[in-house]
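Colleague: fold the following and give me the result.
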Amino acid sequence: MAVTVRSNLPQRRAVPSRNPKGNNWSEHKSDLREDFHNHCGYCGSYDGFSHTYFEVDHFVPKSIFTINGNIGLCQYDNLVYSCKFCNNIKSKKWPSNDENLPNLNNKGFVDPTLAIYDTHIYRTESGSIRWLTDLGKWMVEVGFKFDERDFCVKLLWELNQLRISFLFLVDEAKKYDSNSKQHKIIIEKAKESAFHYTLYRNELDEYYKSL
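Modeller: Residues are numbered from 1 along each chain as shown. Down below sits the predicted model:
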């Protein structure tokens, strides 16, 4: 069964809490982190695993928009909360060379805060990111190289599912008396979830040590 790449659609706030100037766009990071639900806007990886740095990406690259000066360096609606991998691989890619055209001839990008992002790429049951359209294929194979990063993309997704499951079970357990049968059953399930989480977390750490 196919699912969306991100569990929740990110939505940039209309008015950010800060008003940075010049090259200080990173001051928007805390707002972006909240607006993007602590996940990379592009690959959906959770930022709490410390597997990489999370950064502030310019959706339209600086190399494109600084030519005309129509987009500010700190302009909030052009910023994306992104993991370092997606940010570095996306880099200066912008096939149209036009700041007003994020994609052209099925090459380019889609703003990750738009619902149509999930009409071009999707996530498989195992956590891989695949494409639904020719533009999606370009994003997967060229724009972000999700296909080359498949092992870590799947691992991060599975780890996050276990994290969500564990937190849900902990909250459920709080609804029952600690001596009740229901509480004990839920706690056992939470322990099992935590065990698998630890295995995946160790695998993640070992993988990134090998890079």
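
Colleague: does residue 155 touch residue 203 like I think?
Modeller: Yes. Judged on C-beta atoms under 8 Å, residue 155 makes contact with residue 203 at a distance of 6.4 Å. C-betas here are computed from N, CA, C, even on glycine.

Colleague: those two: which has the busier surroundings?
Modeller: Taking residue 155 and residue 203 together and counting by other C-beta atoms under 10 Å, residue 155 has the greater number of neighbours (20 against 14).

Colleague: which residues of this protein score low on pLDDT?
Modeller: 1, 211 (pLDDT under 70).

Colleague: any chance you could map the helices in it?
Modeller: Listed from the start of the chain, the chain has helices (DSSP state H) covering 29-35, 62-65, 84-90, 134-138, 150-173, 181-210.

Colleague: among these, which is nearest residue 75?
Modeller: Relative to residue 75, the nearest member of the helices of the chain by C-beta to C-beta is helix 62-65, separated by 8.7 Å.

Colleague: list the buried residues in the closest one.
Modeller: Across helix 62-65, burial judged by 16 or more other C-beta atoms under 10 Å covers 64-65.

Colleague: gap between the two ends of stretch 5-21?
Modeller: From its first residue to its last, stretch 5-21 covers 33 Å (C-alpha to C-alpha, to the nearest Å).

Colleague: residues making contact with it?
Modeller: The set of residues external to stretch 5-21 that reach it, using C-beta atoms under 8 Å, 6 or more residues apart in numbering, is 26-28, 30-32, 35-37, 39, 41-44, 74, 76-77, 79, 81, 112-113, 115, 117-118, 121-123, 129, 164.

Colleague: give me every residue that touches residue 25.
Modeller: Listed by C-beta under 8 Å, 6+ apart, the contact partners of residue 25 are 56, 58, 73-74, 79.

Colleague: dump those residues to TSV, plus neighbour count.
Modeller: Output for the contacts of residue 25, formatted as TSV (neighbours: other C-beta atoms under 10 Å):
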residue	neighbour count
56	18
58	22
73	17
74	21
79	24
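
Colleague: please identify which of the residues you listed is nearest to residue 94.
Modeller: Within these, proximity to residue 94 (C-beta to C-beta) peaks at residue 58, which comes in at 10.2 Å.

Colleague: do you know how far the closest one is from residue 75?
Modeller: Residue 58 sits 9 Å away from residue 75, taking C-beta to C-beta, to the nearest Å as the criterion.

Colleague: what of residue 40?
Modeller: As judged by C-beta to C-beta, residue 40 and residue 75 stand 20 Å apart.

Colleague: more neighbours: which of these two?
Modeller: Neighbour totals were compared for residue 40 and residue 75, and residue 40 leads with 28 against 15 (other C-beta under 10 Å).
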